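Enquirer: Predicted model and sequence follow; I will ask about them next.
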Amino acid sequence: MRPGEAQRLLDTLLGVDAPVGFAVFDENHRYLAVNAALARHHGRSIAHHRGRRVDEIGSYGAAGGQAAELIDRVLRTGEQVEIDEPPERVGDRALLLRSSWHPMRNADGRVTAVAVFVVDDTTRRQTDQALRDSRAQTGRLLEVADALAKAVTVAEVVAAVTAIGRRTVGADWSYIALTGPDGLTLLPGTNEPDPVATSRSRWPWDAATPTAEAVRTGRALFLGSRVELARIFADEHLLRYVDDVGERSWAVLPLIGSSGRLGALRFAYATPQLFDEGTRRFLRAVAQQCAVAVERARLFEQERTAATSLTLGLLPSRLPGIAGLELGARSIAGAAEHAVGGDWYDAFALPDGEVSLVVGDVMGHGLAAATGMGQLRAALRALALTDPDPGAVMTGLDRLVERGGPVEMATIVYAVLDPADGTVRFGDAGHPPLVHLPRHGPAELVDAGAGTTPIGVP
């Protein structure tokens, strides 16, 4: 491009009144040209810029010293340089700029000037930051979901909330308050101060506290400081309490499930918090997941209570009295989550004087397993009273399960004891073997032979 053509192009660019800042600098950092957008940003006229050094006016979005360094770099290396400028405050908004510094060569190819283009990059950089924040928030919500998915009981949900509050939310203290017939019951997390766990276990519905307010209204409360708390809740006992435990800001969110208001989730901080809109959205999402977990845990505990009652009701209330025999029974759950369901035992006298002894386990836990256990127990009694032979009883149970119903599979060990001579006939359908404890000598397992498949398995 000829020099005259270049000058005409430069004059055209300088005359464009656009939001793109443009300037040309010589080897001594002096303005050779500047367009209206850049001049207006500096608060000077175009004429005021020409001939002055960059450090006398300052560059668009950078201190004069930094602009001078960039000019020297481009002059020395001949490379193009792009940088994100430090944020500038323009009125009530932050201005984020991006500058691009380009070498300008003479006819011999030597860099004799530097041109800079500066654009408003606020929207793009804010969008990128919002995307990064969204991804980070999604990852945190996945951590919350994973922690709550492992919680089965309400106590486990509370423990998970404690961990979530500390690791994911950044709260110093966390707890859940659940609704009850007479008000709210506090379930403090393991990191709660002693005064919380010992002195505030129950609240009436009309208590002047953020937690009770969140449950009553169904709206979240974000209180960034003690001053804000005192302005809304002018209760001396509440204020004295937060002073004692050192709480200085709070996020209190209602727990609302498909069955209605379950309670509230409370995060407390030892320092004031801003609770911007992104943080509020995140905490509301955490509360939604916690509400699902609490409702699921309550249903589980209700079912477990019902299954426990059903299981206990189906087990023998007392063992029969048989002349010449001492009968005893004991049932101990291996783990809390397996405390109820399909395990059972039974003992009953047969018409010919023999005694049937049974231990069984229906696959599964909860109401379904307890119901199946009751069906098998009743069926076994009926079969044994008709034909007590272990083979006949096991075959009859197999046919019952094959026809469908609440039982898919069960293991049973069934024995018929003759008190007259002490002989035992038994059948084992996939159950752990009987243990024989002789009067003298070591205990021994009773071999049931090969092919002892569970009931329901061919």
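Expert: On my side now, so go ahead. Numbering: from 1, shown residues only.
Enquirer: quick one, what contacts the residue nearest the centre of the chain?
Expert: What sits nearest the mean C-alpha location of the chain, by CA atoms, centre = their mean, is residue 144, with 1.4 Å. By CB atoms under 8 Å, 6 or more residues apart in numbering, the contact list for residue 144 reads 164, 168, 285, 286, 289. C-betas here are computed from N, CA, C, even on glycine.
Enquirer: let's see it at 10 Å
Expert: Residues counted as contacts of residue 144 (CB atoms under 10 Å, 6 or more residues apart in numbering) are 160-161, 163-164, 167-169, 282, 285-286, 288-290, 293.
Enquirer: any weak-confidence spans in the stretch 1-150 of the chain?
Expert: Under the criterion pLDDT under 70, the flagged ranges of the stretch 1-150 of the chain are 1-19, 58-65, 91, 129-130, 133-134, 136-137.
Enquirer: phi, psi of residue 103?
Expert: Per-residue torsions, residue 103: phi -80, psi 140 (degrees, to the nearest 10).
Enquirer: roughly how far apart are residue 347 and residue 267?
Expert: Residue 347 sits 55 Å away from residue 267 when distances are taken as CB to CB, to the nearest Å.
Enquirer: picking up where we left off before, what residues of the helix or strand where the residue nearest to the centre of the chain lies count as buried?
Expert: Using DSSP states H and E, residue 144 maps to helix 122-149. Burial within helix 122-149, assessed by neighbour count using 16 or more other CB atoms under 10 Å, is assigned to 122, 125, 140, 141, 144, 147, 148.
Enquirer: swap in stretch 67-87?
Expert: By neighbour count on 16+ other CB under 10 Å, the buried set for stretch 67-87 is 67, 68, 70, 71, 74, 75, 81, 85.
Enquirer: out of those residues, which one sits closest to residue 256?
Expert: When the buried residues of stretch 67-87 are ranked by distance to residue 256 (CB to CB), residue 85 comes first, at 46.0 Å.
Enquirer: Hmm, the closest one is touching residue 99, no?
Expert: Yes. Taking CB atoms under 10 Å as the definition, residue 85 is a contact partner of residue 99 at 5.9 Å.
Enquirer: And residue 347 and residue 267? Which one has more around it.
Expert: Just comparing residue 347 and residue 267: by other CB atoms under 10 Å the higher neighbour count belongs to residue 267, 26 against 20.
Enquirer: which residues touch that one?
Expert: 161, 164-166, 169-175, 189, 222, 249-253, 273, 283, 286-287.
Enquirer: Could you do residue 47 as well?
Expert: If a contact means CB under 10 Å, 6+ apart, then residue 47 has 34, 39 as its contacts.
Enquirer: try the one 10 residues further on
Expert: With contacts defined as CB under 10 Å, 6+ apart, the neighbours of residue 57 are 23, 31, 34, 38, 39, 42, 43, 44, 48, 49, 64, 67.
Enquirer: Kindly report the same for residue 290.
Expert: Counting by CB under 10 Å, 6+ apart, residue 290 makes contact with 144, 148, 151, 157-158, 160-161, 164, 176, 253, 255, 257, 262-265.
Enquirer: Among the residues you listed, which one lies nearest to residue 458?
Expert: Distance to residue 458, by CB to CB, is smallest for residue 151 among these, at 38.8 Å.
Enquirer: my read is the closest one is in a strand, agree?
Expert: No. The assignment for residue 151 is coil, going by DSSP: H, G, I helix; E, B strand; the rest coil, so no strand is present there.
Enquirer: State the number of residues packed around it.
Expert: Residue crowding around residue 151 was assessed by other CB under 10 Å; the count is 20.
Enquirer: cool, residue 458 as well?
Expert: Residue 458: 5 neighbours (other CB under 10 Å).
Enquirer: Quickly note the distance from it to residue 432.
Expert: Taken as CB to CB, the spacing of residue 458 relative to residue 432 amounts to 21 Å.
Enquirer: Kindly report the same for residue 250.
Expert: Applying CB to CB, the value for residue 250 to residue 432 is 54 Å.
Enquirer: With neighbour numbers in mind, choose between the two.
Expert: residue 250 (24 against 11).
Enquirer: could you dump the contacts of residue 144 to JSON lines with secondary structure and pLDDT?
Expert: Putting those into JSON lines (DSSP: H, G, I helix; E, B strand; the rest coil; pLDDT from 0 to 100) gives the following:
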{"residue": "160", "secondary structure": "helix", "pLDDT": "88"}
{"residue": "161", "secondary structure": "helix", "pLDDT": "88"}
{"residue": "163", "secondary structure": "helix", "pLDDT": "85"}
{"residue": "164", "secondary structure": "helix", "pLDDT": "86"}
{"residue": "167", "secondary structure": "helix", "pLDDT": "85"}
{"residue": "168", "secondary structure": "helix", "pLDDT": "84"}
{"residue": "169", "secondary structure": "helix", "pLDDT": "87"}
{"residue": "282", "secondary structure": "helix", "pLDDT": "89"}
{"residue": "285", "secondary structure": "helix", "pLDDT": "91"}
{"residue": "286", "secondary structure": "helix", "pLDDT": "91"}
{"residue": "288", "secondary structure": "helix", "pLDDT": "92"}
{"residue": "289", "secondary structure": "helix", "pLDDT": "91"}
{"residue": "290", "secondary structure": "helix", "pLDDT": "92"}
{"residue": "293", "secondary structure": "helix", "pLDDT": "92"}
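Enquirer: closest to residue 218 among these?
Expert: Distance to residue 218, by CB to CB, is smallest for residue 288 among the contacts of residue 144, at 12.8 Å.
Enquirer: OK, contacts around the closest one?
Expert: Listed by CB under 10 Å, 6+ apart, the contact set of residue 288 reads 141, 144, 253, 255, 256, 257, 265.
Enquirer: Give me the distance between it and residue 155.
Expert: Taken as CB to CB, the spacing of residue 288 relative to residue 155 amounts to 21 Å.
Enquirer: And residue 326, by the same measure?
Expert: Distance of residue 326 to residue 155, computed by CB to CB: 40 Å.
Enquirer: next one: residue 128
Expert: For residue 128, the distance to residue 155 (CB to CB) stands at 43 Å.
Enquirer: number of nearby residues for residue 377?
Expert: The criterion is other CB under 10 Å. On that basis, residue 377 has 20 neighbouring residues.
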